[in-house]
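J.: task: produce atomic coordinates for the following.
(one chain, ligands or ions: 3)
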Amino acid sequence: MCGIVGVVGVSPVNQSIYDALTVLQHRGQDAAGIVTLDHLGAFRLRKANGLVKDVFGLKHMQRLQGNMGIGHVRYPTAGSSSASEAQPFYVNSPYGLTLAHNGNLTNTESLRKSLYQTNKRHINTTSDSEVLLNVLASELDKCTDLTLTPEVIFSAIERTHARLLGAYACVAMISGYGLIAFRDPFGIRPLVLGEKIVSITRNGVTSEHKEYMVASESVALDTLGFKLIRDILPGEAVYISAEAELHSKICVKNPKLRPCIFEYVYFARPDSFINNVSVYNARLNMGKKLGEKIAREWQDVDIDVVIPIPETSCDSALEIARILNKPYRQGFVKNRYVGRTFIMPGQEARSASVRRKLNANAAEFKGKNVLLVDDSIVRGTTSEQIMNLAREAGAKKVYLASAAPEVRFANVYGIDMPSVTELIAHERELEDIRQLIGADKLIFQDLEDLKSAITEENPTLTDFDCSVFDGVYASDEVNDAYFERLDAIRNADNQAIKATHEIENLDMYNEG
Ligand SMILES: O=P(O)(O)OC[C@H]1O[C@H](OP(=O)(O)OP(=O)(O)O)[C@H](O)[C@@H]1O
Ligand SMILES: NC(=O)CC[C@H](N)C(=O)O
Ligand SMILES: [Mg+2]
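T.: Ligands and ions are numbered 1, 2, ... in the order given. Next up, the predicted model:
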């Protein structure tokens with residue numbers, strides 16, 4: 001669930017992109033990168049493993065010159081977590097291209113083959129995003145004129161869509177031309193467009209200019225003073241020239257909005273709007289619906305206090321407390337210096353980090369029946385440890401509620417859970433899960449309620465990618481054979497995306 005951003009400005013964009021990436025940091029903590037296009041048409045790239053604040057020093061920022069650029073924060077879902085697979089990626093032909101991708105392709109292997117056999121293109125890493133960039137490059141290469149027009153760019157993107165399967169929200173730059181952004185035909189991953197009017201005074205004359213920004217989430221636009229224009233539509237491509245002329249076109253035949261429902265549950269920041277839905281309101285609605293279910297089904301259960309498992313569940317928990325008419329208390333203190341545990345690579349890191357991240361405030365637990373609330377229970381890493389913490393802090397009974405339904409199926413569209421064996425709810429019913437977690441009672445949101453929590457905010461949005469909950473995937477290639485191949489690549493003992501340190505310095509265009 002990486003974060004991507006692109007800016008076409010009238011002054012240097014390095015700081016804006018850096019700031020936007022810090023605002024999108026919750027979408028990827030493994031690596032970060034920025035490419036700018038300088039006034040000579042040269043790309044300037046800095047990418048490395050680490051948080052945004054650690055990857056970019058003063059010297060990198062000074063080198064990232066130019067009025068146009070793109071950036072990426074990475075949560076690896078394919079390939080390895082080596083620095084050479086950090087994004088953006090670059091290819092020199094045609095024109096000079098660089099791209100950042102959020103999502104996950106589901107036909108990477110066949111594309112890799114066809115890129116070699118048909119397009120004679122070499123892919124230097126195991127990243128699906130490098131494959132994607134090369135598909136775009138090979139399609140742009142088919143344009144016979146040396147000069148690109150918006151129509152020619154859109155025709156290349158149409159052919160790119162025809163070859164790609166899976167989820168992709170992308171932002172790219174073509175040297176000498178401008179910035180492009182496009183979203184897959186289902187709009188699985190989010191992407192928004194914003195604008196800002198800036199006044200520039202030169203030689204005593206003031207003039208107004210438009211700047212554009214695309215980003216994974218509207219919160220990045222807000223922070224940078226851009227106004228949200230709209231979401232980029234499923235299958236739509238946007239081309240913004242260096243002179244800030246905006247062109248757009250739907251580049252697929254039958255686009256159908258089917259966004260990832262997990263963005264609303266967990267990934268996105270609450271202050272973002274995705275597909276015209278306030279993520280915050282959606283989470284309040286989730287809390288309301290789950291609160292009503294608890295009130296209905298647990299009439300005899302004596303709850304003293306409602307406690308969120310910070311941070312993402314806080315908004316839903318507040319609403320559950322209101323519906324149940326019980327006090328809402330911050331029973332856990334979150335260490336603000338530990339990031340999101342779910343998107344850490346490897347079970348060992350995730351597990352160790354939960355304890356470092358959360359600690360119990362004993363006064364809120366001692367002698368009480370507590371209802372703990374989480375936004376989701378995926379591997380159960382958080383809930384298992386939280387149960388112990390609550391009991392050690394003196395809780396009498398510990399109940400647990402999840403604002404999302406049971407996660408029973410793998411995700412192939414940009415969440416790193418390719419194998420069902422990792423999932424605590426896979427092939428397990430409520431009672432088995434409850435016992436494993438060690439809760440006195442356990443309750444999950446119903447899928448229909450989760451969907452309506454979002455649809456109520458935008459009645460035109462009725463279809464979602466709910467594959468982690470219902471096992472229904474957007475396209476046919478995601479079948480048993482696909483999962484067998486995926487398992488072979490990342491077998492049970494090796495499910496984490498591993499850092500391949502020995503090839504860490506593969507990248508050839510990145511200044512240290
Ligand atoms: O069942 P699990 O495999 O543990 O995954 C689910 C948990 O992970 C996430 O928290 P995370 O720490 O990533 O981020 P948060 O601070 O935004 O809640 C999510 O909010 C749940 O708490
Ligand atoms: N989470 C994402 O969007 C990941 C993008 C891409 N598949 C990668 O692994 O780098
Ligand atoms: Mg959490």
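J.: and the helix or strand containing Leu486, how far out from the chain middle?
T.: Element membership of Leu486 [criterion: DSSP states H and E] is helix 480-489. Put simply, helix 480-489 sits 23 Å off its chain's centre (CA atoms, centre = their mean, to the nearest Å).
J.: need the residues that contact that helix.
T.: 106, 109, 410, 412, 418-420 (CB atoms under 8 Å, 6 or more residues apart in numbering). C-beta coordinates here come from the backbone N, C-alpha and C atoms, glycine included.
J.: in it, which residues are buried?
T.: Buried residues in helix 480-489, counting neighbours by 16 or more other CB atoms under 10 Å, are found at 482-483, 486-487.
J.: check the gap between the closest residue to Thr125 other than its chain neighbours and Ala244 for me.
T.: Distances taken as CB to CB, 6 or more residues apart in numbering place Glu85 nearest to Thr125, at 5.1 Å, with adjacent residues excluded. Distance, Glu85 to Ala244, using CB to CB, to the nearest Å: 32 Å.
J.: what do you get for Asn67?
T.: 10 Å.
J.: can you pull the residues of the stretch 351-500 of the chain lying near ligand 2?
T.: Gly414 (CB under 6 Å from any ligand atom).
J.: ranges for the strands of the stretch 251-400 of the chain?
T.: For the stretch 251-400 of the chain, the strands defined by DSSP state E, counting those that start in this stretch cover 273-274, 277-278, 305-308, 332-334, 358-360, 369-374, 397-402.
J.: go on, the stretch 101-250 of the chain?
T.: Using DSSP E, counting those that start in this stretch, strands in the stretch 101-250 of the chain cover 166-174, 178-183, 192-202, 205-215, 227-231, 236-241, 246-250.
J.: now the second one against strand 192-202, angle please.
T.: Counting by axes from the mean of the first three to the mean of the last three CA atoms, to 10 degrees, strand 178-183 points 160 degrees away from the direction of strand 192-202.
J.: and stretch 51-59, which residues are buried?
T.: By 16+ other CB under 10 Å, the buried positions in stretch 51-59 come out as 51-52, 55-56.
J.: next one: stretch 108-125
T.: In stretch 108-125, counting by 16+ other CB under 10 Å, buried: 108, 111-112, 114-115, 119, 121, 123, 125.
J.: stretch 76-92 too?
T.: Quick answer for stretch 76-92 (16+ other CB under 10 Å): 76-91.
J.: what sits against the nearest residue to Lys210 once chain neighbours are set aside?
T.: Spatial nearest neighbour of Lys210, excluding adjacent residues (CB to CB, 6+ apart): Ala244 at 4.9 Å. Ala244 is in contact with 8, 10, 209-212, counting by CB under 8 Å, 6+ apart.
J.: how far away is the closest residue to Ser155 other than its chain neighbours from Tyr90?
T.: Once flanking residues are discounted, Ser155 sits nearest to Cys143: 7.5 Å by CB to CB, 6+ apart. Computed as CB to CB, the Cys143 to Tyr90 distance reads 19 Å.
J.: kindly report the same for Gln330.
T.: In terms of CB to CB, Gln330 sits 45 Å off from Tyr90.
J.: can you add mean pLDDT, mean neighbour count and distance to Ile34 and give the strands of the stretch 251-400 of the chain back as TSV?
T.: Formatted as TSV, these follow (pLDDT from 0 to 100; neighbours: other CB atoms under 10 Å; distance: least, CB to CB, whole Å):
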stretch	mean pLDDT	mean neighbour count	distance to Ile34
strand 273-274	98	24	24
strand 277-278	98	21	29
strand 305-308	98	25	34
strand 332-334	95	16	29
strand 358-360	94	19	32
strand 369-374	98	25	34
strand 397-402	98	24	37
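J.: which one, of those strands, ends up nearest to ligand 1?
T.: Closest of the strands of the stretch 251-400 of the chain to ligand 1 is strand 369-374, at 4.6 Å (criterion: CB to the nearest ligand atom).
J.: can the closest one be said to contact ligand 1?
T.: Yes: counting by CB under 6 Å from any ligand atom, ligand 1 has neighbours in strand 369-374: Asp374.
J.: listing partners with orientation, what would you give for that strand?
T.: Strand 369-374 sits in its sheet next to strand 305-308 (parallel), strand 397-402 (parallel), going by DSSP bridges.
J.: so Arg112 sits right up against Ile123, yeah?
T.: Yes: between Arg112 and Ile123 a contact is recorded at 5.7 Å, counting by CB atoms under 8 Å.
J.: quick check: neighbours shared by those two?
T.: Val131.
J.: then the helix holding Leu486 to PDB, C-alphas only?
T.: Extracted in PDB, the C-alpha atoms of helix 480-489 (Å, rounded to 0.1, in the frame of the first residue of the first chain):
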ATOM      1  CA  ASP A 480      -5.600 -21.700  -7.400                       C
ATOM      2  CA  ALA A 481      -2.800 -22.100  -9.900                       C
ATOM      3  CA  TYR A 482      -1.800 -18.500  -9.300                       C
ATOM      4  CA  PHE A 483      -1.600 -19.000  -5.500                       C
ATOM      5  CA  GLU A 484       0.400 -22.200  -6.000                       C
ATOM      6  CA  ARG A 485       3.000 -20.300  -8.000                       C
ATOM      7  CA  LEU A 486       3.000 -17.500  -5.400                       C
ATOM      8  CA  ASP A 487       3.500 -19.900  -2.600                       C
ATOM      9  CA  ALA A 488       6.300 -21.500  -4.500                       C
ATOM     10  CA  ILE A 489       8.000 -18.200  -4.700                       C
END
